[in-house]
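Enquirer: model this:
(3 chains, ligands or ions: 4)
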Amino acid sequence: MAKTEITQVRNSLERQGLSDDQLKAIFRNMLLQRQLDNRGFQLNRQGKVPFALGSEGHEALQSGAAMAFERGKDLLAPYYRDLGLALGIGLTPYEIMLSIFARAADHNGGRQFPNHYSSKKAGLISFSSILAAHIPHAVGAAFAMQYRKESGRAVLVTCGDGTTSEGEWHESMNFAAVHKLPLVMLVENNLWAISTPLSRQMGQPDIYKRAEGYGIPGEQFDGFDPIASYGAVKRALDRARGGGGPTLLEGVCYRFLAHSTDDNDMTYRTRDEVTAHRKDDPLPRFERVLLELGILGPPEIDAMRKEVLRETNEATDRAEAMPFPAASELYTNLYEGAWEPWQ
Amino acid sequence: MAVSASSKVMNNVETVRETLYEAMKNDDRTVILGEDVGDRGNVFLITKDFVKEFGPERVIDTPIAEASIVGIAVGMAMEGLRPIAEIQFADFIYPAFNQIVGEAAKTRYRSNGEYTCPLVIRTPYGGGVRGALSHSVSIEALFYHVPGLKIVAPAFPADVKGLLNAAIDDPDPVLFLEHKKTYRLIKGEVPGGHYTIPLGKADVKKAGTQLTVVSYGLYVHWALEAANQLETEGISVEVVDLRSIRPMDRGTILESVRKTRKLLIVHEDNKFGGVGAEISAMVAEEALFDLDAPIRRHCAPDVPAMGYALPLEEEYMSSPGEMAEAMREMARF
Amino acid sequence: MRPELAPFERHGLSDGQLAAMLRTMLLQRTLESRGFQLNRQGKIPFASASEGHEAVQAGAAMAFRRGHDILVPYYRDLGLALGIGLTAYDVLLSLFARAADRSGGRQFPHHYAARALGLQTISSLIAAQTCHAVGAAYAVKLRREAGRAVLTTFGDGATSEGEWHEAVNFAAVAELPVVFLCENNEWAISTPLSKQMGQPDVYKRAAGYGIPGAVVDGFDPIASYAAVAEAMERARSGGGPTLLEAKCYRFLSHTTDDDDRTYRTREEVAERRKDDPVPKFERFLIARGVLTLTDIEDLKSSVLAETNEATDRAEAMPYPPPAAAFENLYEGPWEPWQ
Ligand SMILES: Cc1ncc(C[n+]2csc(CCOP(=O)(O)OP(=O)(O)O)c2C)c(N)n1
Ligand SMILES: Cc1ncc(C[n+]2csc(CCOP(=O)(O)OP(=O)(O)O)c2C)c(N)n1
Ligand SMILES: [Mg+2]
Ligand SMILES: [Mg+2]
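Expert: Ligands and ions are numbered 1, 2, ... in the order given. Okay, here's the model as predicted:
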């Protein structure tokens, strides 16, 4: 297994043009994502935060995709499981921790659940917990780009496999196809939607096959392979940026943890199933590749791990020390200016 | 309602679960459909193990698609099944608005009785559970405007059972709202055997003479707590639990208000355009000259929902203390 | 222009059935013109038409098993409704919004409901009915009612609705006995297909849902019959759902309230008229010796007589009384304050 992985990456074509530094950055992002994820769960167990949500299993897919994103140009319309994408396009661990702790300095002022980032600066569009509701927004943003003739820009929008069942998902894909918008729909297919397996979510398991029905290109890739993810997302974003219209991408990965700290996945899937997928864990897998290719040595990886941990600790302490929003913040930013329904 | 020998103490989750279980057992036309209701047994474990007993054909894990959860249930109801559709959280009901308001509520009317829509839509609503903007909303005001729907929001386990049974038996679409903070918090005696409580009947949960408080859901419990506190201060408060929001019980409210001559309405949903507005208007139309004080509404501020951070949630939600203060002010008037 | 209906593959249809299909098509067209006429005469406020849909509907109706199957149609399905047993009088009652209409004069014309015929009530809300069809199919499957299936129809525009997607997806997951028949007439009011979807073939979406898909010439009643019959038979025998697309055309304006000259050329419509399925099927039946010219003339006069009689009878019927507005909201009498 490892051997083929390595020959593939050694082959420059399979590297998708990624430099050593980019490959290292991808790996570092994956480590950071996992560390921050674990920290959220820890804080929840310690009773310090009421809720956390993990993205273990999505690291490769997200870190690869983030590398294809052009900062300062593209827009990202993510969903709640996109910690790695958010980090990869420039959000900091401190920002993540502010969101986990719901502090006043959080981008949303502590209003939303953790992992519901929004950052105008980073090009990350605000979204809610309502599945699929953000996809029409991404389409609208892509329409604005096309309308203003901003070539060289595109919107990357993500969602889970389960979310493709929503009517709004379909309406969005259809509209993007009709108008040939600069949009990449990236489905992070982790085979589960809380307790609902793919087989109860759709009549056939390959989401990318829906593309033909919309008249747009579709592609499936190994979501445990960050380079494959980068390649697929890069090609699709480039097509979108160059006026070639939308693409439906499907990265197949797996959700290693329960849906959230409020879920117990052992009520609906077996430990054996999870263990079997763990064998393909994208982190050690990519680590092996980088080691074998000599892009990173064990000491460097060790140092990277330490740094990521230090960064996480520091972000945790700093965010925890920050104040909650004041009660009066409940009333701000509903409309522009002060508000009273009776005037 | 007499408490029978086989009554037992249950919380609201257990009561919903047991009532649904009986419905599934007693009528094979009954099916449950919704997200994660199967193997997971619903996110609050309300349908835990149902799928083992009744099978995946009757306990249906749906794709994530709320419009069709209700729309398919409408089709089932028109063709003779008795579907109980679940919206995982009330906050996710908006995609189904078309099917609830445009279709379910109009099925009987538009076909002039040729087709009917005996359907129950259950959904957990309400806050105080750190649910943030999208896991804590109240939705009753958005739907109580709609002729063709019925809406129930019980607070006590015994009422949950009687009203859920009534909703399931009802020949028309019923939106059944379960306050999620009361799920495990509120326990109570639940009579054994099958019984129903008619929709549209409020219940006086505490008798009093100086002030009427009308509420529903979680806030009934907090209003009772506040009223009991006021009792020790020598102020007698009557607490009316609406239980049904559509239809609503005019008689019980008027009778109480005519006795106490003061009305305070307390609800978790926004004040502007909320259920309290309709109650105020009705009392003003029917009993204005029986009142000794202006009607007052103690309800949520005009913001979409509570933020995730604790101070934001606390600011949005009322409390027994705040309710007690509002009651004292009314009593002093 | 499409070719004349060439090979005579009967698909098991008898002469009688072929003649019945033509009669439904003729009746549909006559009733429709009547609706437009009555509107122009100021007798009714509104009418919609299905000219161009006669062949697909007559074919689909022939594949429907009366007393078994369930039809969940949309507002452009006059021919389907007639084909499964609705009468000209029913249709005229609905056009005149009379008390005796199935909806009691509540709904727009052509929003039939007839439980005895298996014709489910529909609303004007595009695609909403596709979910109801799936719910009905679920009931059929759950009760193990073998030999029964649901046929639901909709326009090309309806396929853009989220509820359409959700309905097809669920039917595919649960392998339900339902046939989705898209009557693709290339227009949704003023919106052409090219602005409705990214590629013009609705049936190609089937693969993405993991169900069979097929396309048929919707101007050919026999081909339509064959395609719907095959899909319905698959559904009835446990083979799950099918997505069918019938290519047809809307010859008239969307409704009497619409003026299609604002968005499409007369040339386009004239060009498509050359394929008009009704005379084409007449020519075909004559050429194959199924009917003579005289037979067809007889059919036409019988259809006209039926329409005239239904018009007079329905027009003479009373409107619903104002008090009827309060009936059938819930079971029994109703007051929101009790
Ligand atoms: C409209 C809506 N319906 C339901 C939910 C509840 N819910 C939250 S996450 C989830 C599962 C989503 O699954 P998927 O799209 O596969 O994403 P994943 O969590 O697996 O990454 C559900 C049902 C919601 N948040 N919004
Ligand atoms: C939900 C909804 N949106 C919009 C409309 C308005 N409307 C009525 S018919 C129509 C066009 C439908 O086109 P299509 O589905 O192709 O059917 P056709 O009329 O062409 O047979 C529209 C937009 C509606 N009735 N319902
Ligand atoms: Mg998933
Ligand atoms: Mg059309």
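
Enquirer: Spit out the contact partners of the residue in the stretch 51-200 of chain A that ligand 1 sits nearest to.
Expert: Ligand 1 sits closest to A:G160 of the stretch 51-200 of chain A, with a gap of 2.0 Å, by CB to the nearest ligand atom. Where C-beta positions appear, they are placed from N, C-alpha and C, glycine not excepted. Neighbouring residues of A:G160 by CB atoms under 8 Å, 6 or more residues apart in numbering or on different chains: A:Y79, A:R81, A:L131, A:V187, A:E188, A:N189, A:N190, A:A193.

Enquirer: Over to C:G218?
Expert: Residues in contact with C:G218 (CB under 8 Å, 6+ apart) are C:H53, C:A55, C:V56, C:E183, C:N184, C:S224, C:A246, C:K247, C:C248, C:P277.

Enquirer: Could you do B:K205 as well?
Expert: B:F156, B:V220, B:L224, B:V239, B:V240, B:D241.

Enquirer: Could you find the closest non-adjacent residue to the residue in the stretch 151-300 of chain A positioned nearest to chain C?
Expert: Nearest residue of the stretch 151-300 of chain A to chain C (CB to the nearest CB) works out as A:G167 at 1.6 Å. Distance criterion CB to CB, 6 or more residues apart in numbering or on different chains; nearest residue to A:G167, sequence neighbours excluded, is C:G162 at 1.6 Å.

Enquirer: right, and that neighbour touches A:E168 too?
Expert: Yes. With contact defined as CB atoms under 8 Å, C:G162 counts as touching A:E168 (5.6 Å).

Enquirer: Among the contacts of A:G160, the buried ones, what's the ChimeraX command?
Expert: Entered in ChimeraX, the line below selects the buried ones among these, by 16 or more other CB atoms under 10 Å in any protein chain shown:
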select /A:79,81,131,187,188,189,190,193
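
Enquirer: Turn the contacts of A:G160 into a markdown table, columns for secondary structure, distance to A:S118 and pLDDT.
Expert: Shown next, in a markdown table, are the contacts of A:G160 (DSSP: H, G, I helix; E, B strand; the rest coil; distance: CB to CB, whole Å; pLDDT from 0 to 100):
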| residue | secondary structure | distance to A:S118 | pLDDT |
| --- | --- | --- | --- |
| A:Y79 | coil | 12 | 98 |
| A:R81 | coil | 16 | 98 |
| A:L131 | coil | 17 | 97 |
| A:V187 | strand | 21 | 98 |
| A:E188 | strand | 19 | 98 |
| A:N189 | strand | 25 | 98 |
| A:N190 | coil | 23 | 98 |
| A:A193 | strand | 24 | 98 |
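
Enquirer: The closest residue to A:S165 other than its chain neighbours: neighbouring residues, count only.
Expert: Using CB to CB, 6+ apart and skipping residues adjacent in sequence, the residue nearest A:S165 is B:P63, 3.4 Å away. Applying other CB atoms under 10 Å in any protein chain shown, we find 25 other residues in the vicinity of B:P63.

Enquirer: Next one: B:P63 from ligand 4, what distance?
Expert: The gap separating B:P63 from ligand 4 is 27 Å, by CB to the ion, to the nearest Å.

Enquirer: what's the pLDDT at that residue?
Expert: Listed pLDDT for B:P63 reads 97.

Enquirer: Could you pull up the residues touching it?
Expert: By CB under 8 Å, 6+ apart, the neighbours of B:P63 are A:G162, A:S165, A:T196, A:R200, A:Q201, A:M202, C:E166, C:N169, C:F170, C:V173.

Enquirer: Tell me which of the residues you listed fall in helices.
Expert: A:R200, A:Q201, C:E166, C:N169, C:F170, C:V173 (DSSP state H).

Enquirer: Pretty sure B:G41 is one of the things A:I194 touches, is it not?
Expert: No. If you go by CB under 8 Å, A:I194 and B:G41 don't touch, sitting 11.5 Å apart.

Enquirer: Name the nearest residue to whichever residue of chain B sits closest to ligand 1, ignoring sequence neighbours.
Expert: Closest residue of chain B to ligand 1, CB to the nearest ligand atom: B:F92 (3.7 Å). Nearest non-adjacent residue to B:F92, counting by CB to CB, 6+ apart: B:E66, 5.5 Å away.

Enquirer: Now for the one you found, how many residues are close by?
Expert: When neighbours are defined as other CB under 10 Å, B:E66 has 31 of them.
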